[in-house]
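1. What follows is a protein structure lacking sequence information:
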């Protein structure tokens, strides 16, 4: 199925999230008979907007019309076990993701970025580099996908020569069929969303690997050679696409000699003739809201993408120097009462929490918790013992955090984020850091990590000196 084949097709879009609504409107604009079908209620203004675009709408359940279609588009938040999806599968109806559908209409070069952690920061950094290059060349750069703006909402504005930087979750990749990025990036693979994958890291990794399943000669896969899952899968063997590894080690594998990007004596280097080409020293871009070992990895990946896109080192250097990090990812909020307050609401898993604990200096008052995702906190205990003076546990996972960290650090369970911020203020003092790094999903108390992070910022900024 391609964009030009959509006209006249009967299509249902299951789920009325941002990506579902964008996909329905894209398909309707291109001649499909599109029905948006939502299990829950829909706001009147949303219904009116969809109908103005020619999209039929139903809410409160999925009718026979939603099941009797040529193909269906599934919002990423809907689990594969949902009855409507099982019924569609039983009828042999093809299921696609919104990313897949948008790619049918895309004329721009696609840079697809996925991984457990680092994909938002890497995607944002790559977009800023591509945008700077675009200003010089008269080309557009578009930041879409899991980062917050649906691919389908922007794809018709993209033109030949533009770059579409598409952040991708494993959920979005599951129902990609023909999606083929010109450049694919895999930042890392660590435990996350395992409930969706039956507790299997292998199944989770395979969902991520779908990013490059359609790549061919002339395409590029950029991957973290220090990640054991990725190095085992992509470090050897034959693939039709070009592989470009990145690493904190100077010579992690022979493949680095083929244009890989690595760290040598504090400098990011692109492997090549002789000792390679130095691009930027880490002290030139690591700063208050963009620091830590994990952000060196993000910069390595961005340098590798820039090379694949033919972007010059000068543009890359300027963008790295100017980059201030991503909102809700180790974001400096304010200095209050002698302490720095850091918003890391985007840390929704144990590995992201670990990265924050490693990056933040000094003694830490840690606010953590939310909806647990089957987390194993054991690997954090030595780091917590060394750096955390007090853990304030919030949300549904309060008892789990308390059980895991009691005896290692002082733990106090609290009933709300507001209470946690107030208690942190009373405990924190000169030279301490208050770090909000939940390590859990937000859905017990908030709609998403952005809403959670904004609430934390509001609580912190409402306090007087």
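-> Great, that's in hand. Source: prediction; values computed, not measured. Numbering: from 1, shown residues only.
2. what's the straight distance from one end of stretch 223-230 to the other?
-> Using CA to CA, to the nearest Å, the span of stretch 223-230 from its first residue to its last is 7 Å.
3. now the nearest residue to residue 312 once chain neighbours are set aside, what's its secondary structure?
-> Of all residues not flanking residue 312 in the chain, residue 133 sits nearest, at 7.6 Å (CB to CB, 6 or more residues apart in numbering). Where you see a C-beta, it was placed from the backbone N, CA and C, and this is true even at glycine. Of the three states, residue 133 takes helix under DSSP: H, G, I helix; E, B strand; the rest coil.
4. let's have the chain start at 414 instead
-> Right, with 414 as the first residue, what we last looked at is residue 546.
5. if I read this right, residue 546 contacts residue 540, doesn't it?
-> No: Residue 546 is beyond contact range of residue 540, at 10.7 Å (criterion: CB atoms under 8 Å).
6. Neighbour count: the two, which is higher?
-> Taking other CB atoms under 10 Å, residue 546 and residue 540 do not tie; residue 540 has more neighbours (24 against 21).
7. Which secondary structure element is home to that one?
-> helix 532-550 (DSSP states H and E).
8. between residue 546 and residue 540, what contacts are shared?
-> Taking CB atoms under 8 Å, 6 or more residues apart in numbering as the criterion, residue 546 and residue 540 both touch residue 554.
9. Give the next helix or strand downstream of the helix holding residue 540.
-> strand 554-558.
10. Tell me which stretches of the stretch 414-563 of the chain form helices.
-> 431-442, 457-465, 477-480, 496-503, 511-516, 532-550 (DSSP state H, counting those that start in this stretch).
11. Report the angle between the first one and helix 457-465.
-> Read it as helix 431-442. 30 degrees (axes from the mean of the first three to the mean of the last three CA atoms, to 10 degrees).
12. Which elements pack onto helix 431-442?
-> Under the contact definition 3 or more CB pairs under 8 Å, 6 or more residues apart in numbering; DSSP states H and E, helix 431-442 sits against strand 423-427, strand 446-451, helix 457-465, strand 484-487, helix 511-516, helix 564-567.
13. Residues contacting it, please?
-> Residues outside helix 431-442 that contact it (CB under 8 Å, 6+ apart): 419, 422, 424, 426-427, 447-449, 451, 459, 462-463, 466-468, 486, 488-489, 511, 514-515, 518, 561, 563-566, 568-569, 585.
14. Now do the buried residues in that helix.
-> Buried residues in helix 431-442, counted by 16 or more other CB atoms under 10 Å: 432, 433, 434, 435, 436, 437, 438, 439, 440, 441, 442.
15. how does the protein divide up, domain by domain?
-> Domains of the chain are assigned by automatic domain parsing as 420-506, 515-735, 744-874.
16. Put together JSON lines for those, with mean pLDDT on each row.
-> Below are the domains of the chain laid out as JSON lines (pLDDT from 0 to 100):
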{"stretch": "domain 420-506", "mean pLDDT": "93"}
{"stretch": "domain 515-735", "mean pLDDT": "90"}
{"stretch": "domain 744-874", "mean pLDDT": "91"}
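17. Was I right to think residue 512 contacts residue 579?
-> Yes: the pair residue 512 / residue 579 is scored as a contact, 6.8 Å apart, by CB under 8 Å.
18. Need the overlap of contacts for those two.
-> Contacts common to residue 512 and residue 579, judged by CB under 8 Å, 6+ apart, are 558, 564.
19. which secondary structure element contains the nearest residue to residue 855 once chain neighbours are set aside?
-> Excluding its sequence neighbours, the residue lying closest to residue 855 (CB to CB, 6+ apart) is residue 865, at 4.4 Å. Secondary structure assigned from DSSP H and E places residue 865 in helix 862-874.
20. quick one on the thing from earlier: would you mind getting the angle between the helix holding residue 540 and strand 554-558?
-> Between helix 532-550 and strand 554-558, the angle comes out at 160 degrees (the same axes, to 10 degrees).
21. And for residue 448, the neighbour number?
-> 24.
22. Pull out the buried positions in whichever helix or strand residue 767 is part of.
-> Assigned by DSSP H and E, residue 767 belongs to helix 763-772. Neighbour-count burial for helix 763-772, counted by 16+ other CB under 10 Å, picks out 763, 764, 765, 766, 767, 768, 769, 770, 772.
23. before we move on, back to that, how close does the residue nearest to residue 725 sit to residue 537?
-> 15 Å (CB to CB, to the nearest Å).
24. Output the contacting helices and strands for the helix holding residue 540.
-> Contact analysis of helix 532-550 by 3+ CB pairs under 8 Å, 6+ apart lists strand 522-527, strand 554-558, strand 576-580, strand 596-599, helix 706-721, helix 726-735 as its packing neighbours.
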